[in-house]
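S.K.: Following is a predicted model, sequence given first.
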Amino acid sequence: MTTPTLDNFWMPFTPNRAFKAKPKLLTSAKDMHYTDVDGRQILDATAGLWCVNAGHGRAKITEAIQKQAAIMDFAPTFNMAHPLAFEFAHKLAGIMPGDLKKIFYTNSGSESADTALKIALAYQRTRGHASKTRLIGRERAYHGTGFGGISVGGIVRNRMYFGSLLTGVDHLPHTHDPELNAFSKGIPEHGADLADTLERLVALHDASTIAAVIVEPVAGSTGVLVPPKGYLQRLRSLCDKHDILLIFDEVITGFGRLGAAFGADYFGVTPDILCMAKGITNACVPMGAVAVSNRIYDTFMQTADAPIELFHGYTYSGHPLACAAGIATLEVYAEEDLFNRANTMAPYWQEAVHALRDAPHVIDIRNLGLIGGIELESRPGAPTARALEVFDRCFDKGLLIRVTGDIIALSPPLILEKAHIDQMVETIRAALKETA
Ligand SMILES: Cc1ncc(COP(=O)(O)O)c(C=O)c1O
């Protein structure tokens, strides 16, 4: 295959100038592997971008999409709908934790985060608590790239170029403390009290001004930050105490990544609103969704002051191809018991990832379910350079990893075998050894 011109595509979150010097082009994918433009097999240690949870090229899902495309390409879901949108919402509700039984469709994780924040604000107003407008995010959080998501998010470069963002936003501290919890296996022991910062924010602003707190159960994109034991429980009880909504952004932790359907199930903490995307369709068609509690939905239905209860939605909310993909994806997850499979593989994964502790440049390792984070010592004056070099070397050796800052983030498809894990770890080890 010839290399296409690289002149016109402005690539997202990519050093475009460097990419052109050494392009990486993927041309097909099956199960655990991509094939690149030179015909090389690349083992996928990142499930694409934390999203292809059932592995690549799943016939059941692609056939469902093709079938639906032939029947009906598109139908709006404003004022009318198609049966698959209801069927998929019903099936999704069947695996949601607690009473999160009402599904609002979006097209991405960013839209899910912004939708969740908007529902929280509109809910407070609809139930007569119009002064509850403040949103609380967290340092080192990633909630996508919409203005809501970057405002409650905690990544400086995702925020600093884009003006004043949303007003009325505060941040909890992030949960990563290398002094206390370095090289923790699974859930770190120390730091549940970091949730108590919410009390300080309540003391500062008063709970009557706070609408919602949003957190990722495990922060993925900022380097796999696993919350300390008891932290999410503490956050839940503080939100209850102060009548503040708790939103979980499960765009990464959803659909089996931690060895349970959702992080909420894994940690035994149910939020009021839950954001999804990525694994919802096994990434075959862009889609996201927000699940809300019956209580929130019923409040809108009973007290909204206009015929339309929520002034929000997207042209492609509940797109027929995405719904078809989503239904087939849930079937694949269930038929192959993939959430449990992630759970079964997790102990082997944990030991394998932590075996890199003695590899060059490694200063911390974190894991949960089938996620791993390997933090490298940054080169003086050149943050991210070392991880990018490891990324390049791994790709040359036939392994796709993700790097974020100087952290290697791993999130393989849940179908992986132990031999794939061994190959991932040995390739990363070899790349680290070669890295100056
Ligand atoms: C927790 C979380 N929220 C939101 C997003 C944004 O999703 P998308 O890129 O589909 O907009 C991501 C993407 O990685 C994410 O990890």
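M.R.: That came in fine, so what should we check first? Numbers count the residues shown, from 1 in each chain.

S.K.: which strands and helices sit next to the helix or strand harbouring Leu388?
M.R.: Element membership of Leu388 [criterion: DSSP states H and E] is helix 385-396. Helix 385-396 makes packing contacts with strand 371-376, strand 402-404, strand 407-410, helix 418-434 when contacts are defined by 3 or more Cβ pairs under 8 Å, 6 or more residues apart in numbering; DSSP states H and E. In short, each C-beta sits where N, CA and C put it, glycine included.

S.K.: what's in contact with that helix?
M.R.: The set of residues that contact helix 385-396 without belonging to it, under Cβ atoms under 8 Å, 6 or more residues apart in numbering, is 22, 24, 42, 361, 376-379, 400-408, 427-428, 430-432, 434-436.

S.K.: Would you mind putting the helices and strands packed on helix 385-396 into a markdown table with mean neighbour count alongside?
M.R.: Below are these laid out as a markdown table (neighbours: other Cβ atoms under 10 Å):
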| stretch | mean neighbour count |
| --- | --- |
| strand 371-376 | 25 |
| strand 402-404 | 19 |
| strand 407-410 | 25 |
| helix 418-434 | 18 |
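
S.K.: Redo those as a markdown table? Include distance to Thr62 and mean pLDDT.
M.R.: Listed next are those as a markdown table, based on distance: least, Cβ to Cβ, whole Å; pLDDT from 0 to 100:
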| stretch | distance to Thr62 | mean pLDDT |
| --- | --- | --- |
| strand 371-376 | 26 | 98 |
| strand 402-404 | 24 | 97 |
| strand 407-410 | 26 | 98 |
| helix 418-434 | 22 | 98 |
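
S.K.: Any chance of CSV for these, columns distance to the ligand?
M.R.: Formatted as CSV, the helices and strands packed on helix 385-396 follow (distance: least, Cβ to the nearest ligand atom, whole Å):
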stretch, distance to the ligand
strand 371-376, 11
strand 402-404, 10
strand 407-410, 10
helix 418-434, 20
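
S.K.: Next, the angle helix 418-434 makes with the helix holding Leu388.
M.R.: 130 degrees (axes from the mean of the first three to the mean of the last three Cα atoms, to 10 degrees).

S.K.: now helix 385-396: mean pLDDT?
M.R.: For helix 385-396, mean pLDDT is 97.

S.K.: What of stretch 339-355?
M.R.: Model confidence over stretch 339-355, given as mean pLDDT, is 98.

S.K.: Show me what counts as buried in it.
M.R.: Neighbour-count burial for stretch 339-355 flags Phe339, Arg341, Ala342, Asn343, Met345, Ala346, Trp349, Gln350, Ala352, Val353, His354 (criterion: 16 or more other Cβ atoms under 10 Å).

S.K.: JSON lines please, covering these and showing secondary structure and distance to Thr315.
M.R.: Written out in JSON lines, the entries for the buried residues of stretch 339-355 read as follows (DSSP: H, G, I helix; E, B strand; the rest coil; distance: Cβ to Cβ, whole Å):
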{"residue": "Phe339", "secondary structure": "helix", "distance to Thr315": "32"}
{"residue": "Arg341", "secondary structure": "helix", "distance to Thr315": "36"}
{"residue": "Ala342", "secondary structure": "helix", "distance to Thr315": "34"}
{"residue": "Asn343", "secondary structure": "helix", "distance to Thr315": "38"}
{"residue": "Met345", "secondary structure": "helix", "distance to Thr315": "39"}
{"residue": "Ala346", "secondary structure": "helix", "distance to Thr315": "39"}
{"residue": "Trp349", "secondary structure": "helix", "distance to Thr315": "40"}
{"residue": "Gln350", "secondary structure": "helix", "distance to Thr315": "43"}
{"residue": "Ala352", "secondary structure": "helix", "distance to Thr315": "44"}
{"residue": "Val353", "secondary structure": "helix", "distance to Thr315": "41"}
{"residue": "His354", "secondary structure": "helix", "distance to Thr315": "46"}
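
S.K.: Nothing else from me, thank you.
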